[in-house]
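Undergrad: Sequence first, then the predicted structure, then my questions.
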Amino acid sequence: MAVLPVLLVAGILGALVNVALGIGCAVFAGLILLFDSWVNRPRPVPQAERPARQAPPPRPRAPARAPRPQEGRGPARTPPRAPVRRAGPPPPR
């Protein structure tokens, strides 16, 4: 974000005042960009600080279940409902 205003000033200086001064400001903007990318580069994590990979704990298994008999248990299943029919627009008068 700091590079954009410097490039704007470089363009104005190069167009209105002096081309060499504009080029100098543009080089300065490039140096800002290089410095910022160097400072914010990702650094490798040392081996000692890396967390050790552990195997995930085993998940408990659910016991196998036999299908339940449906006779005499609970309410009877109702058939699915028919879709609701909506009225169309009123007839023209």
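TA: Cool, the structure landed. Computed from a predicted structure; not experimentally measured.

Undergrad: any idea of the pLDDT on P46?
TA: Predicted confidence (pLDDT) for P46: 74.

Undergrad: Look up how far P90 lies from it.
TA: Look at P46 and P90: by Cβ to Cβ, to the nearest Å, they are 77 Å apart. In short, each C-beta sits where N, CA and C put it, glycine included.

Undergrad: Pull out the buried positions in the longest helix along the chain.
TA: Scanning the chain for the longest helix, with DSSP state H as the assignment, gives helix 19-39. For helix 19-39, burial by neighbour count (16 or more other Cβ atoms under 10 Å) applies to 22, 25-26, 29.

Undergrad: Other residues contacting it?
TA: 2-3, 6-7, 9-15 (Cβ atoms under 8 Å, 6 or more residues apart in numbering).

Undergrad: Please repeat the previous calculation with a cut-off of 7 Å.
TA: Outside helix 19-39, the residues within contact range by Cβ atoms under 7 Å, 6 or more residues apart in numbering are 2-3, 6-7, 9-11, 13-14.

Undergrad: from the chain's centre, how far out does that helix sit?
TA: 32 Å (Cα atoms, centre = their mean, to the nearest Å).

Undergrad: now the chain, which segments are flagged as low pLDDT?
TA: 48-52, 63, 66-77 (pLDDT under 70).

Undergrad: how about the helices in it?
TA: 3-16, 19-39.

Undergrad: now the angle from the longest one to helix 3-16?
TA: Helix 19-39 and helix 3-16 are oriented at 170 degrees to each other (axes from the mean of the first three to the mean of the last three Cα atoms, to 10 degrees).

Undergrad: Send me helix 19-39 as PDB with only the CA atoms.
TA: Output in PDB follows, covering the C-alpha atoms of helix 19-39 (Å, rounded to 0.1, in the frame of the first residue of the first chain):
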ATOM      1  CA  VAL A  19      11.800  12.700 -15.900                       C
ATOM      2  CA  ALA A  20      14.900  11.700 -14.000                       C
ATOM      3  CA  LEU A  21      13.300  12.700 -10.700                       C
ATOM      4  CA  GLY A  22      10.200  10.600 -11.600                       C
ATOM      5  CA  ILE A  23      12.400   7.600 -12.400                       C
ATOM      6  CA  GLY A  24      14.200   8.000  -9.100                       C
ATOM      7  CA  CYS A  25      10.900   8.000  -7.200                       C
ATOM      8  CA  ALA A  26       9.800   4.900  -9.100                       C
ATOM      9  CA  VAL A  27      13.100   3.100  -8.200                       C
ATOM     10  CA  PHE A  28      12.500   4.100  -4.500                       C
ATOM     11  CA  ALA A  29       9.000   2.500  -4.800                       C
ATOM     12  CA  GLY A  30      10.600  -0.600  -6.100                       C
ATOM     13  CA  LEU A  31      13.100  -0.700  -3.200                       C
ATOM     14  CA  ILE A  32      10.100  -0.300  -0.700                       C
ATOM     15  CA  LEU A  33       8.400  -3.200  -2.400                       C
ATOM     16  CA  LEU A  34      11.600  -5.400  -2.200                       C
ATOM     17  CA  PHE A  35      12.200  -4.500   1.400                       C
ATOM     18  CA  ASP A  36       8.600  -5.300   2.400                       C
ATOM     19  CA  SER A  37       8.600  -8.700   0.600                       C
ATOM     20  CA  TRP A  38      11.900  -9.600   2.300                       C
ATOM     21  CA  VAL A  39      10.700  -8.600   5.800                       C
END
